[in-house]
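Asker: Predicted model and sequence below, questions to follow.
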Amino acid sequence: MRVHVTDLIPGDQMQHDAYNSNGVHVLQKGATLRIEDISKLLQHGIDYIEIEPRALTVSLDPLSEISDSFNKVKPQFNLAFNGCSTLFTEASQSGKFNESVVDDVFKPLVGSLDEHTDVVSLLLLFNGKDDYTYRHSIQVGMLSYYIADWMGYSQKEAYDIGKAGYLHDIGKSKISRDILDKPGKLTPEEFEEVKLHTIYGYEMISESMNDKVTAMVALQHHERDDGSGYPRALREDQIHPYAQICAVADVYSAMTTNRVYQSKQQLLTVLRELYSLSFGKLNGKPTHAFIQQMLPNFIGKKVQLTTGESGIIVMNNPSDYFRPLVKTDDRFIDLSKEYNTAILEILL
């Protein structure tokens with residue numbers, strides 16, 4: 001059965017090996033096609049391939065696969081969420097917390113992350129509307145762990161960096177909920193109060209743990225390479241590398257999560273913003289490692305476009321990584337060329 005590449009659907013099976021015009025082997029006979037395989041055929045300029053005759057119901061259910069992964073991670077996520085609530089409550093009351101609780105609730109979560117490489121789906125699945133501070137703390141812990149792993153840190157170092165990310169905002173337990181949950185813009189005085197959470201976090205972690213580096217991450221995660229951050233206006237060479245990693249995770253989570261006073265921004269748009277910030281604000285090494293690893297996760301994701309059309313991301317554009325090729329029901333849209341069209345939302 002000869003089919004144009006643009007008419008392929010996930011679940012189709014290759015009848016013959018596929019080669020590009022230069023004779024390079026692209027896909028092997030018998031392969032069951034996924035979205036990323038169809039994208040690969042497009043990238044190699046292959047127009048037609050032979051597939052096995054389709055059954056009446058040919059499909060792989062990626063949503064089902066994602067749901068299975070979600071269900072495996074969810075108990076550990078809930079444990080980390082409840083643990084975060086316990087830690088914040090204890091810290092607000094006594095100025096310190098039980099260090100053993102941190103490992104008891106965060107280590108199982110990290111153990112489950114190694115089986116879930118689709119970080120985009122993970123963020124979409126766990127991006128709920130309950131307490132922002134706790135959910136954000138978990139996301140920053142998860143993303144800090146992933147970034148450290150992608151940068152080549154050892155398993156122990158990656159765990160320590162993730163744990164520091166999990167605790168980075170513990171100082172907010174001392175900030176008034178009226179300020180943290182304020183729906184409107186903070187006054188200059190209120191913002192100065194919020195900025196103190198970095199110092200409070202440093203003090204609380206120092207009181208609770210014999211771990212100067214984790215305390216330093218809480219203190220420095222809002223510092224910026226050009227000296228524009230707080231609380232000390234440090235510059236790149238003065239900021240601990242773990243804090244630089246946490247800063248990337250912190251900004252990404254904050255910009256892609258619903259908050260009382262700000263709607264979440266689209267996941268791919270925020271990656272573009274991170275790229276811009278990597279030249280002077282956020283450190284380039286963790287930022288670029290994060291972007292490089294995240295981009296392939298978007299292939300196969302459903303999207304809603306500003307035109308009202310729905311489609312699937314089938315390929316990242318080498319000329320503009322943040323404006324991919326999208327396949328709708330009746331056409332391909334190259335967002336790097338159609339600048340009047342954009343992704344409104346990324347869906348599961």
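Answerer: In hand now; what should we look at? Numbering: from 1, shown residues only.
Asker: roughly how far apart are K172 and C84?
Answerer: Distance of K172 to C84, given as CB to CB, to the nearest Å: 11 Å. (Glycine included, C-beta is placed from N, CA and C.)
Asker: So the two - more neighbours on which side?
Answerer: C84 (26 against 23; other CB atoms under 10 Å).
Asker: show me the contacts for the more buried one.
Answerer: Counting by CB atoms under 8 Å, 6 or more residues apart in numbering, C84 makes contact with V105, T133, Y134, S137, I138, Y166.
Asker: Quickly find the element holding it.
Answerer: Taking DSSP states H and E as the definition, C84 sits inside helix 62-94.
Asker: Quick check: mean pLDDT of that helix?
Answerer: For helix 62-94, mean pLDDT rounds to 83.
Asker: Mind putting the contacts of C84 into CSV with secondary structure?
Answerer: Compiled in CSV, these are given as follows (DSSP: H, G, I helix; E, B strand; the rest coil):
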residue, secondary structure
V105, helix
T133, helix
Y134, helix
S137, helix
I138, helix
Y166, helix
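Asker: Which pair of those residues spans the longest distance?
Answerer: V105 and T133 (15.5 Å; CB to CB).
Asker: Overlap in contacts, K172 and C84.
Answerer: T133.
Asker: low-confidence ranges in the stretch 1-150 of the chain?
Answerer: Residue ranges of the stretch 1-150 of the chain with pLDDT under 70: 55-70, 127-130.
Asker: Can you show me the helices along it?
Answerer: With helices called from DSSP state H, counting those that start in this stretch, the stretch 1-150 of the chain shows them at 35-43, 62-94, 99-113, 119-125, 132-150.
Asker: hang on, T86 packs against V101?
Answerer: Yes. Assessed by CB atoms under 8 Å, T86 is found in contact with V101 at 6.1 Å.
Asker: quick one on the thing from earlier: okay, the angle between the helix holding C84 and helix 99-113?
Answerer: Using axes from the mean of the first three to the mean of the last three CA atoms, to 10 degrees, the direction of helix 62-94 lies 170 degrees away from that of helix 99-113.
Asker: if we can go back for a sec, list just the nearest of the contacts of C84 to M1.
Answerer: Out of these, the member with the shortest distance to M1 (by CB to CB) is I138, at 46.9 Å.
Asker: In space, what's closest to the closest one - neighbours in sequence excluded?
Answerer: Leaving out its chain neighbours, the residue that sits closest to I138 by CB to CB, 6 or more residues apart in numbering is A80, at 5.1 Å.
Asker: now swap in V105 and tell me
Answerer: G83 (3.0 Å).
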